[in-house]
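Novice: for reference, the sequence and a predicted model appear below.
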Amino acid sequence: MDRNLDLPAGLMLQRELEEQGMKFLLNKHTEEITGKQRVKAIRFTDHTVLEADLVVMAVGIRPQIELARNTGLDVNRGVIVDDYMHTSIPGISAVGECAEHRGIAYGLVAPLYEQGMVLAKRLAGAATEGYEGSVTSTKLKVSGVDVFSAGQFKDAADTRSIRIQDDVDGVYKKMVIKDGQLIGAVLFGDTTDGASLFSLIKSGENISGREKEILLGVPSGGSGSGPSVAERMASMPDDEIVCGCNGVTKASIGDAVLNKGCNTLGAIKSCTKASASCGGCKPIIENLLTYYAGDNVGEQTKEGICGCTSYDRDEIVAQIKEMGLKSVKEVMNVLGWDQPEGCSKCRPSLNYYLGMIWPAEYTDERVSKFTNERYHANIQKDGTYSVIPRIYGGVTSPAELIKIATVAEKYDVPLVKFTGGQRLDLLGVQKENLPKIWEELDMPSGFGYGKALRTVKTCVGNTFCRFGTQDSIEMGIRLEKKLDKMVAPAKVKLAVSGCPRNCAEATIKDLGVVAIDGAWEIHVGGNAGVKVRAAELLCTVKTDAEVEEWTYSYLQYYRENAKWNERTAAWIERVGLDHVKEALADRDVRLALVERLEVTLGHTVDPWKEIIQDEKLRKNFTPLSGAEPVTH
């Protein structure tokens, strides 16, 4: 915990995090981290010991000053500079994280720009005031809790402070005032006023008589109402940095609005990168947008697929096709991602879109997938994995059951369970045993972990049931064998019922086939999850071949048009069943969709078999040397 955090705010943060299950050891000094190849424990200077498997050290940055010291420059924590960025040797200047000014080495980008501006003016021969230090702010979300601090927020003999503390709602606010000026602030739980308080700190305007109004949002009884938002924006210097993360000045915002037509927050973000990182400056950016654009402020009507971009799904897919983009990195670079490495939302979605568009050319990018899909098994809460082999249509054999039982006994699988999709789930498998289990099972992956076809549930149909009108088992197996390696925007579940009694629960599946006298009904868009949705009737067909044609074309149309992580139920609600019916009405269109699906499936391999045969991939499952296995 930050030792500089205001004490009441720090205690509230600690209490909140303890309620989430975290434990704190404060005022401890580490003496030794024990363990040879893997950490075992931490020993403190007070002789207490804490067992640990993982140690994370948040130590910030430290200036690299060896070169400067060897050159003869005066150094302390950093290279010592004066108010004009001179070092102790004439002709050498320093700015940024390597520089130490008045005893402070800043580890932030905003002071770098402010120091650089002073240095640039000096080098250009322009008159400039010296650098007097930077007022810094921090806005964080600590495990779901918002925290903000700026300036000097500790009380001193020559300061006054005003604060509120609401332990019920978990809100704390404090302002520190000196000579009528706001010099520091701390916010906990509610940080919406952080940007405006930081602006007041930097402007140095007199807030006498308005302290309560500013902090509490209520009239204070003071004599004046203070400057309006427009007046504050007008008085802000053009060279003031409003986005410290990306070094964007007020003038840059004005230029984007007045000369480049950026009249929405999203447009300003794309053009200047302002508010594209932590977002703490967003309120000031919005005020500047209103100040410059006036009544011409546009509505923010479109959201990107994540915070890294303003492009939506359709725009990204169109650009990938039009420009022939073939990798996740290429898409992010060409389309100007705000975050160069992307995030956990956009990387998996781009990985899917690229594979869907270029099935013959694109290589699946493992690092852009979630843990379950990287290890091709479903991770459980205790760190072990579950293995679900493919059992087509829920139909197995004594030999297959014996094989599963033998493997489960050999590797001490704690639990074997029938799933809701008529399969067997081996639960509690150690990660290092996954490839060996897959190899000895010699069965296809059931994709119980991925955004892919999961199961095709069947009833016994007319094979045994006296009410059955069609062979649902055979139809289910045919569909599952065709689609068993199909990846999709989200998980997909199918079912085939042999009569309208619907024992396979086909009408709450992503696609369900229900037999009626002399025909088959195909129902789509169902869901039995958190939000239960009954499937809708797509069509009624007479032959088995028509069932396959409509099923494959519908699923490919969904693959090509749904958003990443969008289940068929949500997709159907968004686009409407009539739209899908119209799109699939032409048989030539259906056959073209089927052909594209077959091309994709032709380039898809069973991941279990691929890992079994590739020694390099198997190494990903090898535990770190000395690592302890998970115990039950």
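Specialist: Nice, thanks for sending it over. Residues are numbered from 1 along each chain as shown.
Novice: quick one: list the elements packing against the one helix or strand residue 558 maps to.
Specialist: Mapping residue 558 onto the secondary structure by DSSP states H and E places it in helix 544-561. Using 3 or more C-beta pairs under 8 Å, 6 or more residues apart in numbering; DSSP states H and E as the contact test, the elements touching helix 544-561 are helix 472-483, strand 511-516, strand 519-524, strand 536-541, helix 568-575, helix 577-583, helix 587-602. (Glycine included, C-beta is placed from N, CA and C.)
Novice: residue 233 is nearest to which of those?
Specialist: Among these, the nearest to residue 233 by C-beta to C-beta is helix 568-575 (39.6 Å).
Novice: what is the closest one packed up against?
Specialist: With contacts taken as 3+ C-beta pairs under 8 Å, 6+ apart, helix 568-575 sits against helix 544-561.
Novice: redo the helices and strands packed on helix 544-561 as a markdown table? Include mean neighbour count.
Specialist: Below are these laid out as a markdown table (neighbours: other C-beta atoms under 10 Å):
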| stretch | mean neighbour count |
| --- | --- |
| helix 472-483 | 22 |
| strand 511-516 | 25 |
| strand 519-524 | 21 |
| strand 536-541 | 16 |
| helix 568-575 | 20 |
| helix 577-583 | 14 |
| helix 587-602 | 15 |
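Novice: take these and write them to CSV, including mean pLDDT and distance to residue 166.
Specialist: Below are the helices and strands packed on helix 544-561 laid out as CSV (pLDDT from 0 to 100; distance: least, C-beta to C-beta, whole Å):
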stretch, mean pLDDT, distance to residue 166
helix 472-483, 97, 55
strand 511-516, 97, 51
strand 519-524, 97, 50
strand 536-541, 97, 49
helix 568-575, 95, 38
helix 577-583, 96, 49
helix 587-602, 96, 56
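Novice: strands along the stretch 251-400 of the chain, start to end?
Specialist: Listed in chain order, the strands of the stretch 251-400 of the chain (DSSP state E, counting those that start in this stretch) span 378-379, 385-387.
Novice: could you tell me the least trusted of those strands?
Specialist: Within the strands of the stretch 251-400 of the chain, the least confident segment by mean pLDDT turns out to be strand 378-379, at a mean of 90.
Novice: pairing partners for that one, with directions?
Specialist: strand 385-387 (antiparallel) (DSSP bridges).
Novice: what lies in contact with the strand it pairs with?
Specialist: Residues outside strand 385-387 that contact it (C-beta atoms under 8 Å, 6 or more residues apart in numbering) are 375, 377-380, 425-431, 434, 437-438, 441, 448-449.
Novice: buried residues in stretch 377-390?
Specialist: Neighbour-count burial for stretch 377-390, counted by 16 or more other C-beta atoms under 10 Å, picks out 377, 378, 379, 384, 385, 386, 387, 388, 389, 390.
Novice: what angle sits between the helix holding residue 558 and strand 536-541?
Specialist: Using axes from the mean of the first three to the mean of the last three C-alpha atoms, to 10 degrees, the direction of helix 544-561 lies 140 degrees away from that of strand 536-541.
Novice: name the residues of helix 544-561 that are buried.
Specialist: 544, 546-559, 561.
Novice: what lies in contact with it?
Specialist: Contacts made with helix 544-561 from outside it, assessed by C-beta under 8 Å, 6+ apart, are listed as 356, 475, 478-479, 482-483, 486, 488-489, 492, 494, 511, 513, 520, 522, 524, 538-539, 541, 568, 571, 575, 580, 583-584, 589-591, 593-594, 596-598, 600.
Novice: related to what we said a few turns ago, make CSV from the strands of the stretch 251-400 of the chain and add distance to residue 611 to it.
Specialist: Formatted as CSV, those follow (distance: least, C-beta to C-beta, whole Å):
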stretch, distance to residue 611
strand 378-379, 16
strand 385-387, 13
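Novice: pLDDT-wise, which helix or strand of this protein ranks last?
Specialist: Every helix and strand of the chain was ranked by mean pLDDT, DSSP states H and E. The lowest is strand 137-142, at a mean of 68.
Novice: chain center to stretch 332-349: distance?
Specialist: In terms of C-alpha atoms, centre = their mean, to the nearest Å, the centre of stretch 332-349 is set 11 Å apart from its chain centre.
Novice: compute the first-to-last residue distance for it.
Specialist: 12 Å (C-alpha to C-alpha, to the nearest Å).
Novice: so for residue 418, which of the strands of the stretch 251-400 of the chain sits nearest?
Specialist: Among those, strand 385-387 sits nearest to residue 418 (C-beta to C-beta), with 12.8 Å.
Novice: pull the distance from the closest one to the chain's centre.
Specialist: So, by C-alpha atoms, centre = their mean, the centroid of strand 385-387 is 24 Å from its chain's centroid.
Novice: same check, this time on stretch 330-340
Specialist: 16 Å.
Novice: what comes into contact with it?
Specialist: Contact with stretch 330-340 is made by 269-270, 273, 276-277, 307-309, 311, 316, 319-320, 323, 325, 341-342, 346, 350, 354, as judged by C-beta under 8 Å, 6+ apart.
Novice: the residue nearest to residue 468 when sequence neighbours are not counted: neighbour count?
Specialist: Nearest residue to residue 468, sequence neighbours excluded (C-beta to C-beta, 6 or more residues apart in numbering): residue 462, at 3.4 Å. The burial metric for residue 462, expressed as a neighbour count using other C-beta atoms under 10 Å, is 17.
Novice: mind pulling up the pLDDT for residue 462?
Specialist: Per-residue confidence at residue 462 stands at 93 (pLDDT).
Novice: then residue 121?
Specialist: The predicted local distance difference test score for residue 121 is 93.
Novice: the one 5 residues further on too?
Specialist: Residue 126 is assigned 89 on the pLDDT scale.
Novice: what does residue 143 give?
Specialist: The pLDDT attached to residue 143 in the predicted structure is 64.
Novice: with the one 10 residues further on instead?
Specialist: Residue-level confidence at residue 153 comes out at 78, pLDDT.
Novice: so it touches residue 172, yeah?
Specialist: No: using C-beta atoms under 8 Å as the test, residue 153 is too far from residue 172 to be in contact (11.4 Å).
Novice: between the two, which one's more packed in?
Specialist: Taking residue 153 and residue 172 together and counting by other C-beta under 10 Å, residue 172 has the greater number of neighbours (23 against 20).
Novice: just to be sure, the more buried one is in a strand?
Specialist: Yes: assessed with DSSP: H, G, I helix; E, B strand; the rest coil, residue 172 lies in a strand.
Novice: pretty sure it is in contact with residue 215, am I right?
Specialist: No: in this structure residue 172 lies outside contact range of residue 215 using C-beta under 8 Å: 11.3 Å.
Novice: what's the average pLDDT for stretch 34-51?
Specialist: Averaging pLDDT along stretch 34-51 yields 92.
Novice: meant to ask about stretch 328-340, not that
Specialist: Mean per-residue pLDDT for stretch 328-340: 88.
Novice: in that stretch, what counts as buried?
Specialist: Residues 328, 329, 331, 332, 335, 337, 338 are the ones in stretch 328-340 that count as buried (16+ other C-beta under 10 Å).
Novice: thinking again about what came up before, of all the buried residues of stretch 377-390, which two lie farthest apart?
Specialist: The distance between the two most remote of the buried residues of stretch 377-390 (C-beta to C-beta) is 20.8 Å, for 384 and 390.
Novice: hmm, back to that, for PyMOL, write the select line for the buried members of the contacts of stretch 330-340.
Specialist: Typed into PyMOL, the line below selects the buried ones among the contacts of stretch 330-340, using 16+ other C-beta under 10 Å:
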select buried, resi 269+270+273+276+277+307+308+309+311+316+320+325+342+346+350+354
